[in-house]
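> Model the structure of this input:
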Amino acid sequence: MPQKPWSEACERNRGPILEVLRGAFAGATQVLEIGAGTGQHAVFFAAALPHLVWQPSDVAANLPGIAAWCDESGLPNLRAPLELDVDAADWPVTAGDGLFSANTLHIMSWASVRNFFAGAGRLLEPGGVLAVYGPFSYGGRHTAESNARFDAFLRARDPLSGIRDFAAVCELAHAQGLCLVADHALPANNRTLVWRRGHS
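Modelled structure (predicted):
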């Protein structure tokens, strides 16, 4: 079995994120997690939210580590990880009432962020919920000096990446029929944004 990857940040932020997800996904039955990373979040949230079927996904390189966490957990509501590229025209999951992603939008290109929201629009059923955790700027301003430094680091490493502006991502969500229902301030200058798909 592959060695389980580990992220200290996942351990620190999982509790505050869970408190948001308890409410956001109270009425959901199945959640697709995009960019499951190490797999720590998937195991923690699936264990804490047993009414949900939790489906982790990520790029192929991260799947063995996620699978190691999932296999060890033995949780009946946690599925084996799926390969998912947000830029692909077809995602392996085509319908659902919940979508979650943590710390992904700032490491994607803006074109991929657009594809992420387009995919959310295809996947989420009426009443479905999208919850996204990470740092955001507001009106072109960072919420903390640490976020400004982080943004500079990201852009130096990859000019196509960077902390995304709240209004810009809300515009993408709105174009997919998603209405912002909550903007939660979380520790370490991060947010969890929650959108709901309207009933047509």
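> For the longest strand anywhere in the chain, buried residues please.
Longest strand in the chain by number of residues (criterion: DSSP state E): strand 124-134. By neighbour count, with 16 or more other C-beta atoms under 10 Å as the criterion, the buried positions of strand 124-134 are 124, 128, 129, 130, 131, 132, 133, 134. For the C-beta atoms, the positions are set from N, CA and C on the backbone; glycine is no exception.
> any idea which of the residues you listed is closest to residue 161?
Compare each of the buried residues of strand 124-134 with residue 161 using C-beta to C-beta and the shortest gap goes to residue 134, at 11.8 Å.
> Find me the pLDDT at the closest residue in space to the closest one that isn't next to it in sequence, would you?
If the residues on either side of it in the chain are set aside, residue 134 comes closest to residue 103, at 4.9 Å by C-beta to C-beta, 6 or more residues apart in numbering. You'll see residue 103 listed with a pLDDT of 96.
> show me the contacts for residue 103.
The neighbourhood of residue 103, defined by C-beta atoms under 8 Å, 6 or more residues apart in numbering, consists of 9, 35, 37, 133, 134.
> what's near enough to touch residue 82?
Under the criterion of C-beta under 8 Å, 6+ apart, the contact list for residue 82 reads 55, 56, 57, 92, 93.
> quick one: it from residue 91, how far?
Note on residue 82: its distance to residue 91, by C-beta to C-beta, to the nearest Å, is 9 Å.
> now do residue 119
When distance is defined by C-beta to C-beta, residue 119 is 6 Å away from residue 91.
> With residue 25 instead?
On the measure of C-beta to C-beta, residue 25 and residue 91 end up 19 Å apart.
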